[in-house]
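Participant: sequence isn't available, so here's the structure alone:
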């Protein structure tokens with residue numbers, strides 16, 4: 001998981017942190033000043049890089065790594 005997390009871009013890390021805090025795509029888009037579709041794209045890329053199938057798995061990895069605090 002550490003290697004996968006290091007492969008994330010700064011923006012992907014920001015999105016993952018917001019996901020780990022329980023925010024939805026619309027709230028993340030508003031917070032970061034980007035389109036909701038862009039957030040969806042980032043989330044999909046994050047899932048691929050982390051090798052997870054869904055949001056809950058990504059949240060577990062993120063929180064174990066210190067995101068979402």
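Facilitator: Thanks, I have the structure now. Just so you know, these numbers come straight off a predicted model, no measurement behind them.
Participant: contacts and neighbour counts: CA atoms only from here.
Facilitator: Will do.
Participant: now for whichever strand or helix holds residue 41, which elements pack on it?
Facilitator: Assigned by DSSP states H and E, residue 41 belongs to helix 36-50. For helix 36-50, the packing partners by 3 or more CA pairs under 8 Å, 6 or more residues apart in numbering; DSSP states H and E come out as helix 2-6, helix 10-20, helix 25-32, helix 55-64.
Participant: so which of these has the densest surroundings on average?
Facilitator: helix 10-20 (a mean of 19; mean count of other CA atoms under 10 Å).
Participant: elements contacting it?
Facilitator: Partner elements for helix 10-20 (3+ CA pairs under 8 Å, 6+ apart): helix 25-32, helix 36-50, helix 55-64.
Participant: format those helices as JSON lines; extra columns: distance to residue 18 and mean pLDDT.
Facilitator: Converted to JSON lines, these look like this (distance: least, CA to CA, whole Å; pLDDT from 0 to 100):
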{"stretch": "helix 25-32", "distance to residue 18": "6", "mean pLDDT": "98"}
{"stretch": "helix 36-50", "distance to residue 18": "11", "mean pLDDT": "97"}
{"stretch": "helix 55-64", "distance to residue 18": "10", "mean pLDDT": "96"}
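Participant: that older thread, can you list contacts of the helix holding residue 41?
Facilitator: 1, 4-5, 7-8, 12, 15-16, 25-26, 28-29, 53-55, 58 (CA atoms under 8 Å, 6 or more residues apart in numbering).
Participant: may I ask which two of these are separated the most?
Facilitator: Greatest spacing in these, by CA to CA: 1 and 26 (26.4 Å).
Participant: which of the three states applies to residue 67?
Facilitator: Classification of residue 67 by DSSP: H, G, I helix; E, B strand; the rest coil places it in coil.
Participant: likewise for residue 34?
Facilitator: Assignment for residue 34 (three-state DSSP): coil.
Participant: tell me how far it lies from residue 16.
Facilitator: Relative to residue 16, residue 34 is positioned 14 Å away (CA to CA, to the nearest Å).
Participant: can you tell me the closest non-neighbouring residue to residue 4?
Facilitator: residue 50 (5.4 Å; CA to CA, 6 or more residues apart in numbering).
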